[in-house]
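**Q** Any chance you can model this:
(one chain, ligands or ions: 2)
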Amino acid sequence: MPPAPYTSRKLYWRVFREASPYGWHLFGILLIGLLATPFTLLTPLPLAIVADSVLGEQPLPAWLQALLPAAIVGSREAILGVAAGMVVALAGLGKLRGLLGALLTTYTAAQLVLNFRARLFRHAQRLSLAYHDTRGSYDTVYRVQHDAPAIQWIAIDGVIPFITSAVTLISMLSVTLHIHRGLALVALGVAPLLYGLSRLYSRRLRSGWRGAKKLESAAFAVVQEVLNAVRVVKAFGQEDREQERFVRQASQSLAAKLRLAWSEGLLNLLLALTTATGTAAVLFLGARLVQRGELSLGELLLILGYLAQLYKPLESMSQKVASLQSSLASAERAFALLDEAPEVVELLHARPLHRARGAVSFEHVSFSYDGARPVLREISFHIPAGARVGIAGSTGAGKTTLISLLMRFYDPSSGRILLDGVNIRRYKLRDLRNQFAIVLQEPVLFSASIAENIAYARPNAPHEAIVAAARAANAHDFIRALPEGYATAVGERGMRLSGGERQRISLARAFLKDAPILILDEPTSAVDVTTEATIMEALERLMVGRTTFMIAHRLSTLERCTIRLELANGQLVQAGEARGKAHDHAAA
Ligand code: CTP
Ligand code: MG
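**A** Ligands and ions are numbered 1, 2, ... in the order given. Take a look at the predicted model:
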């Protein structure tokens, strides 16, 4: 995979575009966040009042005198009481603000991530088989599951605190400047250093995280691959080796994460040291100023109190820049998935297609999976509607590929494919695929009931239609014999059924779909002779009135066909009428 070409600015921008439907929520979170500033500004005030106006001899600040009734301003006890009351009120209101903020944040974050995940999943489903074949499914799972939440970390937990910190910083700064300009500037002297440090580290952290996520995704890909093929692993007794493969991958990812934790820790240490130096300088100079009578003790305490608050946003802004790098690396991966263009695309004004007649033509069709090694070369033939086509050829000759092109799982590199005289690229994809019912070499079932599996193409089909389809597929009897009949759960990928049973359920599915074109990719390769006979009998019924493409190795199967296509090395070596039953369909 080429390194993602996103700059930080582009990433932030895309995150915000993605989050824009929740603009008002984010704005609310920001406002509640900003409310923190007045609270932070007011927090050290009671102490300063007590130091200067209760214990010391100075009058109350003018704005407070204006706010409070004269009776209170005149009495030290009353001022002390007000100061104490302020401590409690500030704490209570501050927490209430925090609570509201947390609620809104949680809600917005969950919605944001859900929507983003839904978009990623939709896109992943739209991507071509070529993408999934080469990239592997787990990497996509990882992007949807672990990378997608990054959008929340960036939009809510990263950027909004960054903005509120900046506002806090500015207000703290103006107050400090007001009290003593020189000390404020001394305190601010460390800012460029903080900025430089966080910039330096963020670049390093981002590329580190990019690598760590790739490693982690690869480690879990091992788990998924092994669990999917657990039979084979057990049969060959390779559990230990797979274990070792997983641990090796996972350890690499662990090491990468440790290095990152070390870098981040080091950065935090350097940031803390930098601000501590600033505080020390202010303490040193401030004490001298108090000694010389240029500053009151209360003012120094106030400045030192603000200084802690001033450095907090500065430090957290720098830390944020660094800790966001993990999320930015994730966002990069999620956006990369979204940017992956589906290779098979629908034309802008694609034609609808209700029910095709079923005439199929290939015209000089060539195809290659990797762009280098041709798998099909210059294939041309014409199949009239309703014909039965047997496709023969040694293994790897390109039979499955030919069928995949017809269903537009891939587009040919050159040449064109016509359905009812129209290039299949001109049809709406969904309509086109609706014209095919397929029964595969390896039937694919979903972890649902038998009835739901049969009704996969028509989820609203009435129960009678499902039973009729099962009868037609010679599956009704074995289904009825199961303890829970049609409600029996078949387990993940249908693993609780035998190969022949799965095959007949996928046949029933094809019956129920009632599509004009039938595609059978060696539907009887995995079953015994008796089952084959029952399946073939059902197939005979299914093929009536449909154009059928049947891939088969056995002569007996091929003899049921009216047209024979024979592939060798990706080329058509024979296209003609089947020898068995001559038919008046012509093959070009
Ligand atoms: N191939 C590939 N990439 C894929 C699928 C197939 O490069 N994603 C290659 C295979 O290596 C093979 C050729 O394409 O050399 C044809 O594959 P296929 O059409 O699947 O062959 P079939 O004729 O269907 O073989 P079989 O009888 O074994 O099913
Ligand atoms: Mg095949």
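
**Q** Report whether stretch 355-373 contacts ligand 1.
**A** Yes: using CB under 6 Å from any ligand atom, a contact is recorded between stretch 355-373 and ligand 1, made by Tyr369. For the C-beta atoms, the positions are set from N, CA and C on the backbone; glycine is no exception.

**Q** which residues touch that stretch?
**A** Residues from elsewhere that reach stretch 355-373 (CB atoms under 8 Å, 6 or more residues apart in numbering): 130, 133, 374-386, 401-402, 405-406, 410, 412-421, 435, 516-517, 546-547, 588.

**Q** How about it, which residues are buried there?
**A** For stretch 355-373, a neighbour-count test (16 or more other CB atoms under 10 Å) marks Ala356, Gly358, Ala359, Val360, Ser361, Phe362, Glu363, Val365, Ser366, Phe367, Ser368, Tyr369 as buried.

**Q** try stretch 453-461
**A** Asn453, Ile454, Ala455, Tyr456, Ala461.

**Q** Between the buried residues of stretch 355-373, which sits nearest ligand 1?
**A** Comparing the buried residues of stretch 355-373 against ligand 1 with CB to the nearest ligand atom places Tyr369 closest, at 3.7 Å.

**Q** Please read off the pLDDT at Gly570 from the model.
**A** On pLDDT, Gly570 comes in at 84.

**Q** wait, it sits on Pro374?
**A** Yes: counting by CB atoms under 8 Å, Pro374 is a contact partner of Gly570 at 5.9 Å.

**Q** For Ile403, which non-adjacent residue is spatially closest?
**A** Among residues not flanking Ile403 along the chain, Ile519 sits closest, at 5.5 Å (CB to CB, 6 or more residues apart in numbering).

**Q** just Leu45 next, same as before
**A** Met86 (6.9 Å).

**Q** Secondary structure element holding Arg357?
**A** For Arg357, there is no host helix or strand (DSSP states H and E).

**Q** Could you check how far it is from ligand 1?
**A** As defined by CB to the nearest ligand atom, to the nearest Å, Arg357 lies at a distance of 26 Å from ligand 1.

**Q** Torsion angles phi and psi at that residue?
**A** Backbone torsions of Arg357, given as degrees, to the nearest 10, read phi -80, psi -40.

**Q** That one and Gln435: what is the separation?
**A** For Arg357, the distance to Gln435 (CB to CB, to the nearest Å) stands at 10 Å.

**Q** which neighbours do these two share?
**A** Pro516.

**Q** what about Gly85, distance to Arg509?
**A** Look at Gly85 and Arg509: by CB to CB, they are 74 Å apart.

**Q** So between those two, which is more surrounded?
**A** Per other CB atoms under 10 Å, whichever of Gly85 and Arg509 has more neighbours is Arg509, with 26 against 11.

**Q** residues in contact with the helix or strand harbouring the more buried one?
**A** Arg509 belongs to helix 499-513 when assigned by DSSP H and E. Helix 499-513 is contacted from outside by 437-440, 443-445, 450, 453-458, 461, 465-466, 468-470, 472-475, 478, 490, 494, 497, 518, 523-524, 526-528, 531, 534-535, 538-539, 542, using CB under 8 Å, 6+ apart.

**Q** Retrieve the pLDDT associated with the residue of the chain most remote from its centre.
**A** The outermost residue of the chain relative to its centre, with distances by CA atoms, centre = their mean, is Gly74 at 64.9 Å. Note on Gly74: pLDDT of 80.

**Q** just to revisit the earlier point, if you count what's nearby, which of Gly570 and Pro374 comes out ahead?
**A** Gly570 (21 against 17).

**Q** Surely Val141 is in contact with Gln224?
**A** Yes: judged on CB under 8 Å, Val141 makes contact with Gln224 at a distance of 7.3 Å.

**Q** And the residue nearest the centre of the protein?
**A** Centroid-nearest residue in the chain: Val144, 2.0 Å away (criterion: CA atoms, centre = their mean).

**Q** check contacts around that residue.
**A** Contact analysis of Val144 by CB under 8 Å, 6+ apart lists Arg117, Leu120, Phe121, Ala124, Ala334, Leu337.

**Q** which residue sits closest to the fourth one in space, ignoring its chain neighbours?
**A** This means Ala124. Counting by CB to CB, 6+ apart, the residue nearest Ala124 is Thr140, at 5.0 Å.

**Q** Which helix or which strand is home to that neighbour?
**A** helix 137-142.

**Q** After the helix or strand containing Ala118, which helix or strand is next?
**A** Assignment of secondary structure by DSSP H and E places Ala118 within helix 76-126. As assigned by DSSP H and E, the chain's next helix or strand after helix 76-126 is helix 129-135.

**Q** How about the residues of the stretch 101-250 of the chain by ligand 1?
**A** Residues of the stretch 101-250 of the chain lying near ligand 1 (CB under 6 Å from any ligand atom): Asp133.

**Q** count of residues packed around Val389?
**A** 23.

**Q** can you give me phi and psi for it?
**A** For Val389, the backbone dihedrals (degrees, to the nearest 10) come out as phi -110, psi 120.

**Q** Do I have it right that it meets Ile563?
**A** Yes: contact status for Val389 versus Ile563: in contact at 4.7 Å, counting by CB under 8 Å.

**Q** where do the contact lists of the two overlap?
**A** Ile383.

**Q** list the contacts for the closest residue to ligand 1 within the stretch 51-200 of the chain?
**A** When distances are taken as CB to the nearest ligand atom, the stretch 51-200 of the chain reaches nearest to ligand 1 at Asp133, 4.4 Å away. Applying CB under 8 Å, 6+ apart, we find Asp133 in contact with Tyr369.

**Q** What pLDDT does the model give it?
**A** 82.

**Q** Check Phe220 too.
**A** pLDDT, Phe220: 89.

**Q** how near is it to Asn228?
**A** Taken as CB to CB, the span from Phe220 to Asn228 is 12 Å.

**Q** what's the helix or strand for the residue nearest to Ile403?
**A** Counting by DSSP H and E, Ile519 is part of strand 517-521.

**Q** Who are the packing partners of that strand?
**A** Packing contacts for strand 517-521, counted by 3 or more CB pairs under 8 Å, 6 or more residues apart in numbering; DSSP states H and E, involve helix 399-406, strand 436-439, helix 529-543, strand 547-551.

**Q** Where among those is average confidence lowest?
**A** helix 529-543 (a mean of 81).

**Q** which residues are contacting that helix?
**A** By CB under 8 Å, 6+ apart, the list of residues contacting helix 529-543 from outside reads 388, 472-474, 500, 503-504, 507, 510-511, 518, 520, 523-524, 527, 557, 560.

**Q** how's this protein carved up into domains?
**A** 8-338, 360-587 (automatic domain parsing).

**Q** and these as JSON lines, adding distance to Val344?
**A** Listed next are these as JSON lines, based on distance: least, CB to CB, whole Å:
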{"stretch": "domain 8-338", "distance to Val344": "5"}
{"stretch": "domain 360-587", "distance to Val344": "5"}
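
**Q** quick one: the helices in the stretch 301-450 of the chain?
**A** 399-406, 429-434, 450-454 (DSSP state H, counting those that start in this stretch).

**Q** If you count contacts, what does the last one end up packed against?
**A** In terms of contacts (3+ CB pairs under 8 Å, 6+ apart), helix 450-454 is packed against helix 463-472, helix 499-513.

**Q** Quick one: the buried residues of stretch 355-373 as TSV, columns for distance to Ala341 and pLDDT too.
**A** Listed next are the buried residues of stretch 355-373 as TSV, based on distance: CB to CB, whole Å; pLDDT from 0 to 100:
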residue	distance to Ala341	pLDDT
Ala356	28	90
Gly358	31	90
Ala359	31	93
Val360	27	94
Ser361	28	94
Phe362	26	94
Glu363	26	94
Val365	22	94
Ser366	22	94
Phe367	19	94
Ser368	18	92
Tyr369	17	88
